[in-house]
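>>> Structural data only, the sequence is not supplied:
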């Protein structure tokens, strides 16, 4: 979700308000106001302005809005509270500053802003023919993480082409989607005019794609190529790796491991894995439980996913108790994962660096990962290393596909999304295009993970005559 938050407003809040809770409340209100939240100013003040011990009144917000207007950041009706006009009260000026918000239900705090505000999207920085001299240091750091090779060169050139593609978003169709209610405010913030896909580099070497980050993966099929907005002559289809992260993990485990044995059969589904371990957990939580465990959760993530009724059915009085018990039980059944995680953690703590296949190195963040004495925090040592290796391997596969996609004959890569890839082809060569794209994904995965097959599936197909999401 795009939250238009302006640096001068946040600096003004930081300088004028000393209490951190009040600062957070002000930031939450402004992050909503500056998106044109249709619920109105009074509602936002009531919802966010009173969630701390000391409430924030409407006059405080109006004063800060007036300051923003004086500084030329926004054109704003600072007294407007008519809900019917709310969507058009705020017009953004060229001085604006863009952040990314991933969920309709997740609100940025002031500290989130401080941590993220220097992040730049790759699309703002890549310059064709001169990408080795970026405008911002963050992108330069990301380039330096990648190995200096011809493959990286091809990947960057492929990325430039991907970002130059213009997209259209069919809002009307998307509003008919079952998940529309949860995504309503994101959809309102999507422009009606054509826009380009953007990418933001992550520390693992992955590219966080936008608009995917604020739309949700299930709404991406409503994006169209500008040259064929109604798909009258073409087809968009998405191929997605099946349980990629688990299969990458399996490639690092001994053949005696149940996860390795599960991964040897590409036909196996995720649900069959935890069944083989005899874990009693609601089926819709299996995937979340497994991944949170891999990345070092001691039960907190699972407790957040469990409902009280589910915990009672499992024989526990609280979600926290149920989650801790499940994690403890699973830990005794997967000593090979615990050992692998410990080995990576030891390297990270000792060398203050962990390198994933593909050459991307993660070092501890001074503000988030290190203690005052300069040692790696225990929970960060547990969560970062294995996650970085798995995510970095997936990123390596994605970079390989982008680099090799220039040789496609029947289709073109249109948009990489995490471990899924959207392709575009003309309708009369769909079978050839599908076979070609499928071969590309098989070869890229086999090149990097030769001992475990990573299968892929068709996630959706969209054209004028067929729609399967």
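Thanks, I have the structure now. From a predicted model like this one, the values you see are computed outputs, not experimental measurements.
>>> Hmm, residue 332 and residue 338 touching each other?
No. The pair residue 338 and residue 332 fails to qualify as a contact (CB atoms under 8 Å) at a distance of 9.1 Å. In this view, the C-beta of every residue, glycine as well, is placed from N, C-alpha and C.
>>> Comparing these two, which shows the higher neighbour count?
residue 338 (14 against 8; other CB atoms under 10 Å).
>>> Poorly predicted segments of the stretch 51-200 of the chain, please.
Within the stretch 51-200 of the chain, the segments meeting pLDDT under 70 span 51-54, 68-69, 71-141, 179-192.
>>> what about the strands in the stretch 151-300 of the chain?
Applying DSSP state E, counting those that start in this stretch to the stretch 151-300 of the chain gives strands spanning 166-169, 195-196, 198-201, 207-210, 223-225, 234-241.
>>> Please name whichever of those is nearest to residue 362.
The closest of those to residue 362 is strand 198-201. By CB to CB, the value is 12.5 Å.
>>> Only the buried residues of the closest one, if you could.
Neighbour-count burial for strand 198-201 flags 198, 199, 200, 201 (criterion: 16 or more other CB atoms under 10 Å).
>>> need those in TSV with distance to residue 145, can you?
Converted to TSV, the buried residues of strand 198-201 look like this (distance: CB to CB, whole Å):
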residue	distance to residue 145
198	19
199	15
200	14
201	8
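>>> What residues sit buried inside stretch 358-376?
Neighbour-count burial for stretch 358-376 flags 358, 359, 360, 362, 364, 369, 376 (criterion: 16+ other CB under 10 Å).
>>> Please read the previous query as pertaining to stretch 289-304.
289-299, 301-303.
>>> I'd like the average pLDDT over it.
Over the span of stretch 289-304, the pLDDT mean works out to 76.
>>> Same check on stretch 329-341?
Average pLDDT, stretch 329-341: 88.
>>> on that earlier part again, between the buried residues of stretch 358-376, which is closest to residue 403?
Here the nearest of the buried residues of stretch 358-376 to residue 403, counting by CB to CB, is residue 358; it sits at 11.4 Å.
>>> helix, strand or coil for the closest one?
coil (DSSP: H, G, I helix; E, B strand; the rest coil).
>>> Please look at it and residue 391 and confirm they touch.
No. The criterion here is CB under 8 Å, and residue 358 misses it with residue 391 at 10.6 Å.
>>> any shared contact partners between the two?
residue 205 (CB atoms under 8 Å, 6 or more residues apart in numbering).
>>> quick revisit: how about the buried residues of stretch 289-304 in a markdown table, adding distance to residue 319?
Shown next, in a markdown table, are these (distance: CB to CB, whole Å):
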| residue | distance to residue 319 |
| --- | --- |
| 289 | 13 |
| 290 | 18 |
| 291 | 18 |
| 292 | 14 |
| 293 | 16 |
| 294 | 20 |
| 295 | 19 |
| 296 | 19 |
| 297 | 13 |
| 298 | 14 |
| 299 | 9 |
| 301 | 11 |
| 302 | 8 |
| 303 | 4 |
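>>> closest to residue 162 among the residues you listed?
Nearest to residue 162 out of these is residue 291 (CB to CB; 27.1 Å).
>>> Minimum distance to residue 313: which of the strands of the stretch 151-300 of the chain has it?
Closest approach to residue 313 among these (CB to CB): strand 234-241, 32.2 Å.
>>> follow-up on the earlier one: export the strands of the stretch 151-300 of the chain to JSON lines and tack on distance to residue 178?
Shown next, in JSON lines, are these (distance: least, CB to CB, whole Å):
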{"stretch": "strand 166-169", "distance to residue 178": "18"}
{"stretch": "strand 195-196", "distance to residue 178": "25"}
{"stretch": "strand 198-201", "distance to residue 178": "27"}
{"stretch": "strand 207-210", "distance to residue 178": "23"}
{"stretch": "strand 223-225", "distance to residue 178": "18"}
{"stretch": "strand 234-241", "distance to residue 178": "18"}
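>>> Compare these and report which one is nearest to residue 147.
Comparing these under CB to CB, the one sitting nearest is strand 198-201, at 15.0 Å.
>>> So what are the sheet partners of that closest one and their directions?
Here strand 198-201 has these sheet partners by DSSP bridges: strand 207-210 (antiparallel).
>>> Average pLDDT for the partner strand, rounded please.
What strand 207-210 shows for mean pLDDT is 77.
>>> go on, stretch 233-247?
93.
>>> Pull the distance from that stretch to the chain's centre.
Here stretch 233-247 shows a centroid-to-chain-centroid distance of 16 Å under the convention CA atoms, centre = their mean, to the nearest Å.
>>> So for stretch 227-247, first residue to last residue, what's the gap.
Length of stretch 227-247, first residue to last, CA to CA, to the nearest Å: 37 Å.
>>> Any buried residues in it, and which?
Applying 16+ other CB under 10 Å to stretch 227-247 flags 228, 231, 234-247 as buried.
>>> for those, which one is nearest residue 274?
residue 246 (10.8 Å).
>>> Is that closest one in contact with residue 270, as I believe?
Yes. With contacts counted by CB under 8 Å, residue 246 reaches residue 270, the gap being 7.1 Å.
>>> Need the overlap of contacts for the two.
Common contacts of residue 246 and residue 270 (CB under 8 Å, 6+ apart): residue 290.
>>> Quick check: which of the strands of the stretch 151-300 of the chain is nearest to residue 14?
strand 198-201 (24.1 Å).
>>> Report the distance from that closest one to the chain centre.
10 Å.
>>> now stretch 369-379
Worked out by CA atoms, centre = their mean, stretch 369-379 lies 26 Å from the chain centre.
>>> Helix, strand, or coil at the closest residue to residue 237 other than its chain neighbours?
Leaving out its chain neighbours, the residue that sits closest to residue 237 by CB to CB, 6 or more residues apart in numbering is residue 461, at 4.5 Å. Here residue 461 is strand, with the state taken from three-state DSSP.
>>> For residue 169, see how far away residue 229 is.
10 Å (CB to CB, to the nearest Å).
>>> joint contacts of those two?
In contact with both residue 229 and residue 169: no residue, using CB under 8 Å, 6+ apart.
>>> Put together TSV for the buried residues of stretch 358-376, with distance to residue 28 and pLDDT on each row.
Listed next are the buried residues of stretch 358-376 as TSV, based on distance: CB to CB, whole Å; pLDDT from 0 to 100:
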residue	distance to residue 28	pLDDT
358	38	89
359	40	88
360	34	88
362	31	89
364	30	89
369	26	88
376	32	93
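>>> Closest one to residue 422 out of those residues, please.
Residue 422 lies nearest to residue 358 out of the buried residues of stretch 358-376, by CB to CB, at 22.0 Å.
>>> Contacts only, for that closest one.
146, 147, 205, 392, 393, 395, 396, 399, 448 are the contacts of residue 358 under CB under 8 Å, 6+ apart.
>>> pLDDT at the residue lying closest to residue 253 once chain neighbours are set aside, what is it?
Using CB to CB, 6+ apart and skipping residues adjacent in sequence, the residue nearest residue 253 is residue 260, 4.7 Å away. According to the prediction, residue 260 has pLDDT 92.
>>> Number of residues surrounding residue 260?
Neighbour count for residue 260, taken as other CB under 10 Å: 19.
>>> I am finished for the moment; much appreciated.
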